[in-house]
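**Q** could you look at this predicted model? Sequence included:
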Amino acid sequence: MREVAVIGSGVTKFGELWDKSLAGLVAEAGISAIMDAGIDGTDIDAMYIGGMSAGRFVGQEHLGSLAAEVSGLSELHISSTRVEAACASGGLALHSGYLAVASGAYDMVVVGGAEKMTDVVGKEATNILASAADREWEAFLGVTFPGLYALMARYHMHKYGTTSEQLAKVAVKNHYNGSFNPKAQYNRKITVEDVLNSTMVADPLHLLDCSPITDGAAAVVITSLDKAKEYAEEPIKILASAQASDSISLAGRSRLDALPATTAAASKAYRQAGLEPSGIDFAEVHDCFTIAEIMAIEDLGFVNKGEGGKAMDEGLTELDGKLPINTSGGLKSKGHPVGATGIAQIHELILQLKGKADKRQIEKAEVGMAHNIGGSGGTAVIHIMEAI
Amino acid sequence: MEKAGIVGYGGYVPKYRIKADEIARVWGKNGKSVSAGLGVYEKSVPGIDEDTATISVEAARRAVYSSGIDPKEIGAVYVGSESHPYAVKPTATIVGEAIGATPDMTAADYEFACKAGTAAIQTCMGLVISDMVKYGLAIGTDVSQAAPGDALEYAASAGGAAYIIGKDNMIAVINETVSYTTDTPDFWRREGEPYPGHGERFTGEPAYFRHVISSTKKLMNKMGTESPDYTYAVFHQPNGKFPMRAAKRLGFSKEQMEEGLLSPIIGNTYSGSTPLGLSAILDVAQPGDRILVTSYGSGAGSDSFDITVTDKIENYPRNNIRKMIEDKVYLDYAFYMKHRGEFK
């Protein structure tokens, strides 16, 4: 297997982009990544694009071909593949592209992710997102994603004494970080009181414990590490790219206070990278709900199981903390265009690793991790990246 | 060009109210946070026998009596509403007959979501300035629909206001009017559907704010005015928050806005909203006061008016709309549903 590196990345603005179409977002992100990498269209061997449910959000399937056309590459007839794993579609697209380059099948690959979610009303978006859960045994019975994560939050609170205030602190921190990210959907800072006073969505999750509905796209250009050096002064090496699966339904899980897929993917990723959790300087984790970030930092081995809430009290994961988490603002504040999220996380790692994160730049950014989850934990994708 | 203006006006708001708290209680929401979010605390509810026709008649009668004109001199009656009692058969003929303006008049019903009333004012201005009619009667009224449990239910209310437009005895001169219109489907009701649908947050920035702000700026550019040149301003009031946010972005102060802001205490009277807000301002206005008015109708468009109050306002018998609003009877949710005719 060859070593793989990222030589360019780009994201669109995230938010309610009423005047932009899915195709326009794909083109904008793709072109910005290609320009950042300084490559030509003719250099590209293949594309992978992550998207969860464009078919239901905007009535558009066949994203591989769409991406080729809007990038102006259709006449090159390159390989172009749509990858779907719910909210982990972006991360899994990168894993697929990584395998293609590592195996030697392709040299230069563009990996993107996109979702256009605001063309439907909230009720419809909730129903579409519920297709990432078990339709027969969960969604048909009325459970929504806030409901599923609320079940996990309740159990976590019951078992470890995690509090609503600790959950709120995740949102407060991520909004603070997001206030420094011009691409983020929300740039406003919030307080613990704001979170606790916001509308209850699924007890104990308030509105401000939940990530929003977002339009956006992101893309990266990857190639072999050897080739990367020809194109980029600062290629970012992919130390690990790992995926794990689990039951799509919560009922099928071995436990409710953790996402076993995270633990499994993390253990593969740490082994690939030859690192321990202590070797990670910072991470973008999948905070679709505040409880998800607390479970993630536990499952990734950054803190002991059950101590995620306490870590919030101690400020461990703040921008100037020992282990900054979600410096981009996370899904909570940056926004969560489901198919794009996994790639947008990578974009943030690259900015930090290159020291280009501006006002949210952290001091020690040598090794970063991205943790992308599909559904309630049926898919986990983890990437570890290093500045070289 | 000769100018037309307001010769008479009258508003009407049904006396029944329901509090946002009471609606929230039924739907398992927190009334306090709903009210804080929308800036609407209670809304008007039509009486059992009230509809767009009866409310329009009430408002028109007040306008005619106060102005003292002979209703036979009204040559045009236009009623703007999205809740006309008939799909086919005009409300305007009911109003014309009730005030004694028939038969030597033209009449029609208008629909442009919440701005049909101001569109009617513009039509009357054209007819008056061109001498096709002496007076035109423009009305904006609604008994607005909202699906039970929908976010709109906290605001959708009932009320209307009528304006007699003419060239003589004007209590307020309309110096200029402009419009800003696009095809923006933010809110709609298809034929045969009982309740409107809407694009949720899409109704904000690309719809309400874009049109209200663009239309108002266009008017001020045309007039060479700045926000401090106006004594009062009134914008369409779908809730208590949107008009205040638009005002802030356009440089209008709370003081300029509060006289015309009725939505916190009566909700969104749709086609009646901007006309009623203007009537509350005219109730207290002094000669020389300048008023900026911008309506908004989903679908979407805004009409803006630059108005100067004349000396004639001093002798005009003003029916204080805020006083009428204070006289109220609260309903619980069950009676509110009965008043709305939801029990079939």
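**A** Looks like it came in fine.
**Q** which non-adjacent residue is nearest residue 38?
**A** By default, I'm working from chain A. A:Tyr231 (6.0 Å; C-beta to C-beta, 6 or more residues apart in numbering or on different chains). Where C-beta positions appear, they are placed from N, C-alpha and C, glycine not excepted.
**Q** my question was about chain B, not that one.
**A** Nearest to B:Leu38 is B:Asn239, by C-beta to C-beta, 6+ apart, at 4.3 Å.
**Q** one step back: what about the residue nearest to A:Gly38, distance to chain B?
**A** 40 Å (C-beta to the nearest C-beta, to the nearest Å).
**Q** mind checking the SS state of A:Tyr149?
**A** At A:Tyr149 the chain is in helix, as set by DSSP: H, G, I helix; E, B strand; the rest coil.
**Q** give me the residue at the spatial middle of chain A.
**A** A:Gly342 (3.1 Å; C-alpha atoms, centre = their mean).
**Q** that residue reaches A:Glu84, doesn't it?
**A** No: A:Gly342 is beyond contact range of A:Glu84, at 11.6 Å (criterion: C-beta atoms under 8 Å).
**Q** between the two, which contacts overlap?
**A** Common neighbours of A:Gly342 and A:Glu84, using C-beta atoms under 8 Å, 6 or more residues apart in numbering or on different chains, are A:50, A:92.
**Q** re the thing from before, host element of the residue nearest to the centre of chain A?
**A** Following DSSP states H and E, one finds A:Gly342 within helix A:338-353.
**Q** check which residues of that helix are buried.
**A** Using 16 or more other C-beta atoms under 10 Å in any protein chain shown as the test for burial, helix A:338-353 gives A:338-353.
**Q** again with stretch B:30-50
**A** B:30-31, B:33-35, B:37-46, B:50.
**Q** mind checking the end-to-end distance for it?
**A** Taking C-alpha to C-alpha, to the nearest Å, stretch B:30-50 runs 30 Å from one end to the other.
**Q** now do that stretch: distance to the chain's middle.
**A** Counting by C-alpha atoms, centre = their mean, to the nearest Å, stretch B:30-50 is centred 17 Å from the centre of its parent chain.
**Q** quick check: chain neighbours aside, which residue is closest to the residue of the stretch 151-300 of chain A found nearest chain B?
**A** Per C-beta to the nearest C-beta, A:Thr199 is where the stretch 151-300 of chain A lies closest to chain B, at 6.1 Å. Excluding its sequence neighbours, the residue lying closest to A:Thr199 (C-beta to C-beta, 6+ apart) is A:Leu207, at 4.5 Å.
**Q** and the pLDDT for the one you found?
**A** Per-residue confidence (pLDDT) for A:Leu207: 96.
**Q** if I look at it, how far off is B:Pro228?
**A** Distance, A:Leu207 to B:Pro228, using C-beta to C-beta, to the nearest Å: 38 Å.
**Q** same thing with B:Asn268?
**A** 28 Å.
**Q** who has more neighbours out of these two?
**A** B:Asn268 (28 against 10; other C-beta atoms under 10 Å in any protein chain shown).
**Q** list the buried ones in stretch A:252-272?
**A** A:253, A:256-266, A:268-270, A:272.
**Q** quick one: the helices in the stretch 251-388 of chain A?
**A** Secondary structure of the stretch 251-388 of chain A by DSSP state H, counting those that start in this stretch: the helices cover A:260-273, A:290-299, A:308-314, A:330-334, A:338-353.
**Q** ignore what I typed, I meant the stretch 151-300 of chain B.
**A** Counting by DSSP H, counting those that start in this stretch, one finds helices in the stretch 151-300 of chain B at the ranges B:210-223, B:241-250, B:254-258, B:263-266, B:273-282.
**Q** most tightly packed of these?
**A** Per-stretch averages of neighbours, counted by mean count of other C-beta atoms under 10 Å in any protein chain shown, single out helix B:273-282 among these, with a mean of 29.
**Q** and the angle for that helix with helix B:241-250?
**A** 70 degrees (axes from the mean of the first three to the mean of the last three C-alpha atoms, to 10 degrees).
**Q** which other helices and strands does helix B:273-282 contact?
**A** strand B:5-12, helix B:116-129, strand B:135-143, strand B:158-166, strand B:232-235, strand B:290-294, helix B:321-326 (3 or more C-beta pairs under 8 Å, 6 or more residues apart in numbering or on different chains; DSSP states H and E).
**Q** good, wrapping up.
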